[in-house]
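In: sequence first, then the predicted structure:
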Amino acid sequence: MATSLVLLLAGCGEAGARAGQVTTPATGARFDYQLGGAHLPADGVQVVVRDRTAEPAHDGYPVCYVNAFQTQPGATELPADLLLRDDGALVEDPDWPGEHLLDVSTAARRERLAERVGGWLTGCAADGFAAVELDNLDSWTRSGGRLDRADAAAMARLLVDRAHAAGLAVAQKNAPELAGTGLGFDFAVVEDCGAYDECTTFTDAYDVVLDVEYTDEGFAAACGVAGLSVQRRDLAVSVPGDPAYVAEWCPAS
């Protein structure tokens, strides 16, 4: 990232003061959630979230999406013994076929996973991203009791340290139970906090909260929360030109 951009963002809030003087987006900044494919951001967008395999946006504040607690469908990047199992069968996210939970149940496994996932984080930094979003922090809630909140928190601390060492700010993703618990996160990226009436849990804990809503009702509710950056997206987070594409912001201009 250019030095001028780092200096520009340095005034965005005290939450960014971490290892390597990482920076956060401005409170209320318009953002674009582009996990379904990179595309030209809409006018006024200041923050762009893209998958770690995509090129970061060249203008504004780029955030790197990393599936840090589950696998991507079809991925074979992690050793089989680091995937959570139930009597030998892989434990799968019930809502996302092909995504298997990582086994963060022991300190030894967490250390090995932190080395692997930490490599993805340093890759984000090398590519020019300013921050990382660690997805599926809440995967313990889908583990059938094989993982717990303490496991997730311990893994999160390791990854936050790795990201900060690489000069990246770190966004908490969902998991309202862990908001404000001192894990070292700098800001938050959340989904459907309006739909589930969870937005103030995050805004009470962080100066900067980026919220993606997938329903009109949730969008309307989230738009009433002060200081929250809100984007309405389609569930597939598709690209412009796709019939399913939806992208709205509040305020509208």
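Out: Happy to help now that I have it. Owing to the predicted nature of the structure, the values given are computational and were not obtained by experimental measurement. Numbering: from 1, shown residues only.
In: Ala244 and Arg233, how far apart?
Out: Per C-beta to C-beta, to the nearest Å, Ala244 is found 10 Å from Arg233. Every C-beta, even on glycine, is put in place using the N, C-alpha and C of the backbone.
In: what's the longest strand in this structure?
Out: When the chain is parsed with DSSP state E, its longest strand is strand 61-67.
In: what sits against the most centrally placed residue in the chain?
Out: Note on the chain: the residue nearest the mean C-alpha position is Glu133, at 2.6 Å, using C-alpha atoms, centre = their mean. Contacts here follow C-beta atoms under 8 Å, 6 or more residues apart in numbering; on that basis Glu133 touches 49, 63-66, 171, 173, 189.
In: between Ala244 and Arg233, which has more neighbouring residues?
Out: Applying other C-beta atoms under 10 Å to Ala244 and Arg233 shows that Arg233 carries more neighbours, namely 21 against 11.
In: hmm, the more buried one is touching Asp211, no?
Out: No. When contacts are counted by C-beta atoms under 8 Å, Arg233 is not listed as touching Asp211 (10.4 Å).
In: neighbours around the closest residue in space to Glu198 that isn't next to it in sequence, how many?
Out: The shortest distance from Glu198 to any non-neighbouring residue, by C-beta to C-beta, 6 or more residues apart in numbering, is to Pro176 (4.8 Å). Neighbourhood size, Pro176 [other C-beta under 10 Å]: 18.
In: any idea how far Phe69 is from Pro176?
Out: For Pro176, the distance to Phe69 - C-beta to C-beta - is 16 Å.
In: now do Cys250
Out: In terms of C-beta to C-beta, Cys250 sits 30 Å off from Phe69.
In: between those two, which is the more surrounded one?
Out: More crowded of Cys250 and Phe69, by other C-beta under 10 Å: Phe69, with 30 against 19.
In: I'd say the more buried one and Asp135 touch.
Out: Yes. Contact criterion C-beta under 8 Å: Phe69 and Asp135 qualify, at 7.1 Å.
In: all strands of this protein, in order?
Out: If DSSP E is used as the criterion, the strands of the chain fall at 31-33, 47-51, 61-67, 85-86, 89-90, 131-135, 169-173, 187-191, 209-213, 229-233, 247-250.
In: picking that back up, residues contacting the residue nearest to Glu198?
Out: 193, 198, 201-202.
In: in the chain, which residue sits furthest out from the middle?
Out: Farthest out in the chain is Asp87, which, by C-alpha atoms, centre = their mean, sits 30.6 Å from the centre.
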